[in-house]
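Visitor: Here is a sequence with its predicted model. Questions after.
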Amino acid sequence: SLQMPLFVVNAAGSDQPTGMTFPGFGYSYAVEGGHIYIGAVAADKVVNEAKAEAKEQIAQAISGADWSDAQVPTADGGSISIPRMSGLVNGNRFDVYMVTSGTHHVFIGWQAAADNSSFFQAADYSMGSVMISG
């Protein structure tokens, strides 16, 4: 599950990010100030293989981007480390996080104007709330 401190402004859609095939794309949401993209692939590959395949797809739009460990805040005041790829796409910042359950690698993309710091702060808080099952 994922808690979002942003208002969803329409129902789930089927629009992928411009210029890329989002890994395991499932659906997208227009939210206050930007967009969220969610996809999942079966966890039949180890994390590094899944990250490499996702990087190949994401690199279609974000040239030179690579995975790094992002520290995101948790509700209890701590932080957790989550793999994140970040870059600019047509003047917008695009962050893609990867979380893994027992059955899937889940990719969550956040896209908004590069200077929308409150959107990306909300994205970090959301990623700190991720609960994985399965």
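Guide: Right, received. Where do you want to start? Residues are numbered from 1 along each chain as shown.
Visitor: Can you verify my assumption that Asp95 contacts Pro83?
Guide: No. In this structure, Asp95 is not within contact of Pro83 by C-beta atoms under 8 Å, at 11.0 Å. Any C-beta I mention is one placed from the backbone N, CA and C, and that applies to glycine too.
Visitor: Could you tell me which residues touch both of the two?
Guide: Shared contacts of Asp95 and Pro83, defined by C-beta atoms under 8 Å, 6 or more residues apart in numbering, are found at Ala70.
Visitor: any low-confidence regions in the protein?
Guide: Within the chain, the stretches with pLDDT under 70 are 1-7, 133-134.
Visitor: repeat that with 80
Guide: Applying pLDDT under 80 to the chain flags the ranges 1-11, 131-134.
Visitor: Tell me where it has strands.
Guide: All strands of the chain, identified by DSSP state E, fall at 25-31, 34-42, 67-73, 79-89, 92-100, 104-113.
Visitor: Can I get the ones you listed in JSON lines including mean neighbour count?
Guide: Output for those, formatted as JSON lines (neighbours: other C-beta atoms under 10 Å):
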{"stretch": "strand 25-31", "mean neighbour count": "18"}
{"stretch": "strand 34-42", "mean neighbour count": "19"}
{"stretch": "strand 67-73", "mean neighbour count": "15"}
{"stretch": "strand 79-89", "mean neighbour count": "17"}
{"stretch": "strand 92-100", "mean neighbour count": "21"}
{"stretch": "strand 104-113", "mean neighbour count": "22"}
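Visitor: Cheers, nothing more for now.
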